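Trainee: need the 3D shape of this:
(chains A and B)
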Amino acid sequence: EPEVTQTPSHQVTQMGQEVILRCVPISNHLYFYWYRQILGQKVEFLVSFYNNEISEKSEIFDDQFSVERPDGSNFTLKIRSTKLEDSAMYFCASSEWADIRGDTQYFGPGTRLTVL
Amino acid sequence: QKEVEQNSGPLSVPEGAIASLNCTYSDRGSQSFFWYRQYSGKSPELIMSIYSNGDKEDGRFTAQLNKASQYVSLLIRDSQPSDSATYLCAVLNNNAGNMLTFGGGTRLMVKP
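Mentor: Okay, the predicted model is just below:
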């Protein structure tokens, strides 16, 4: 069964460093997403991406964040200058399309980001 | 601010019993609703989607939707210890880039 994959599974970085989290969405899916979950808190939407551009972004997704689809398979989240409060699990998700019954989002296993 | 509310639990049920999980949402225009299961330290795993008022059954799981009351529920029949997890209700905003808004989750404990 096709699945979303993410690398790395765990990333440790120093405050102020740049990190890139990588995702390979399900191959025939057209919509891609990033969510994050701070330990003990809700899963929060960061950004959605379709047709090589951002469809929607949340207040969390400020100028420190960017997303890119550098080739036909990868989808990346970059945090330019990490802060302590960026420590969280970051989940990538994808969906086939946006219409009802094609809009189910499937999540990858996540990347645990620890900022020291 | 669109909100999704769940009782955090824990909800404790004996093995073989029915577990009932509830969720309310604030956006009356929502059309797509999802239940995910999340084991500790893992990612959300889809259980079911529901789009129309009424019941939808899939194996031991039944999702129920009442749009007039802005209420979604999940029933788990014949609960097993392996069902012990946090159950997340999520509501899709089709008008905002397919953003999913999650509830805080209900922790279910199934005791042998």
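
Trainee: so B:Ser73 belongs to a strand, correct?
Mentor: Yes. Under the criterion used here (DSSP: H, G, I helix; E, B strand; the rest coil), B:Ser73 sits inside a strand.

Trainee: okay, now it: neighbour count?
Mentor: By other Cβ atoms under 10 Å in any protein chain shown, 18 other residues sit near B:Ser73. Where you see a C-beta, it was placed from the backbone N, CA and C, and this is true even at glycine.

Trainee: quick check, pLDDT for it.
Mentor: Per-residue confidence (pLDDT) for B:Ser73: 98.

Trainee: that one and B:Asp55 touch, don't they?
Mentor: No. Contact criterion Cβ atoms under 8 Å: B:Ser73 and B:Asp55 do not qualify, at 9.5 Å.

Trainee: biggest strand in chain B, by residue count?
Mentor: strand B:85-93 (DSSP state E).

Trainee: show me the beta-bridge partners of the residue of chain A found nearest chain B.
Mentor: Closest residue of chain A to chain B, Cβ to the nearest Cβ: A:Glu56 (2.4 Å). With DSSP bridges applied, A:Glu56 shows beta-bridge pairing to A:Ser48.

Trainee: for whichever residue of chain B sits closest to chain A, give me its contacts.
Mentor: Per Cβ to the nearest Cβ, B:Gly97 is where chain B lies closest to chain A, at 2.4 Å. Neighbour list for B:Gly97: A:47-48, A:50, A:54-57 [criterion: Cβ atoms under 8 Å, 6 or more residues apart in numbering or on different chains].

Trainee: where does chain B come near chain A, residue by residue?
Mentor: Residues of chain B found near chain A (Cβ under 8 Å from any Cβ of the partner chain) are B:31-32, B:34, B:36, B:42-46, B:49, B:51, B:88, B:90, B:92, B:94, B:96-105.

Trainee: quick one: buried ones out of the residues you listed?
Mentor: For these, a burial check counting by 16 or more other Cβ atoms under 10 Å in any protein chain shown picks out B:32, B:34, B:36, B:43-44, B:49, B:51, B:88, B:90, B:92, B:96-105.

Trainee: surely A:Glu85 is within a strand?
Mentor: No. If the criterion is three-state DSSP, then A:Glu85 is helix and not within a strand.

Trainee: quick one: which of the residues of chain B next to chain A sit in helices?
Mentor: Among those, DSSP state H puts none in helices.

Trainee: among the residues you listed, which are in strands?
Mentor: Short answer: those in strands (DSSP E) are B:32, B:34, B:36, B:45-46, B:49, B:88, B:90, B:92, B:99-102.

Trainee: can you add pLDDT and give these back as JSON lines?
Mentor: Formatted as JSON lines, those follow (pLDDT from 0 to 100):
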{"residue": "B:Ser32", "pLDDT": "92"}
{"residue": "B:Phe34", "pLDDT": "97"}
{"residue": "B:Tyr36", "pLDDT": "98"}
{"residue": "B:Glu45", "pLDDT": "97"}
{"residue": "B:Leu46", "pLDDT": "96"}
{"residue": "B:Ser49", "pLDDT": "95"}
{"residue": "B:Leu88", "pLDDT": "98"}
{"residue": "B:Ala90", "pLDDT": "97"}
{"residue": "B:Leu92", "pLDDT": "92"}
{"residue": "B:Met99", "pLDDT": "91"}
{"residue": "B:Leu100", "pLDDT": "94"}
{"residue": "B:Thr101", "pLDDT": "96"}
{"residue": "B:Phe102", "pLDDT": "97"}
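
Trainee: residue closest to the middle of chain A?
Mentor: The centroid of chain A falls nearest to A:Trp34 when counting by Cα atoms, centre = their mean (2.8 Å).
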